[in-house]
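Enquirer: Got a sequence here, can you model it:
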Amino acid sequence: MATKTKRQVTVPKRPERKWGPFHGGVGIAVWLNEVETADGRKWFRSVTIAPRRYLKAETGQWEDASSYRTVDLPSLILALHVA
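Expert: As a prediction, the model looks like this:
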């Protein structure tokens, strides 16, 4: 009989803070990251920018755009400034 090893349950990582989604789905999230170094545990933050989203007419599915519109920039600038 084989013994099963218990898989450690990990809690999904959530952002420390989010701004948005704004018009078109753009927004930003600030993440608190932890890394183990020779000097001990260190913490740092990183920022992700959510892509603009649109509804593709042919499939009816939401898709991520590879660029931003000029109207998205003020929202992103404001959110980045606050972050």
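Enquirer: and the closest residue to residue 16 other than its chain neighbours, what does it touch?
Expert: Once flanking residues are discounted, residue 16 sits nearest to residue 32: 4.5 Å by Cβ to Cβ, 6 or more residues apart in numbering. Glycine gets a C-beta too; all of them are placed from N, C-alpha and C. Neighbour list for residue 32: 16, 43, 45 [criterion: Cβ atoms under 8 Å, 6 or more residues apart in numbering].
Enquirer: Tell me the first helix or strand C-terminal of the strand or helix carrying residue 32.
Expert: Using DSSP states H and E, residue 32 sits within strand 27-37. Per DSSP H and E, the first helix or strand lying C-terminal to strand 27-37 is strand 40-50.
Enquirer: Given that next one, what are its sheet partners and their directions?
Expert: Its sheet considered, strand 40-50 pairs with strand 27-37 (antiparallel) by DSSP bridges.
Enquirer: Return the partner strand as CSV; C-alpha atoms alone will do.
Expert: Provided in CSV are the C-alpha atoms of strand 27-37 (Å, rounded to 0.1, in the frame of the first residue of the first chain):
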residue,chain,number,x,y,z
GLY,A,27,-6.0,49.3,-12.9
ILE,A,28,-3.0,48.7,-10.7
ALA,A,29,-2.1,46.5,-7.8
VAL,A,30,0.7,46.7,-5.3
TRP,A,31,2.2,43.4,-4.1
LEU,A,32,4.2,42.8,-0.9
ASN,A,33,6.9,40.2,-1.7
GLU,A,34,9.1,38.2,0.6
VAL,A,35,12.5,36.7,-0.3
GLU,A,36,14.9,34.7,1.9
THR,A,37,18.5,35.9,1.6
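Enquirer: Kind regards, and thank you for your time.
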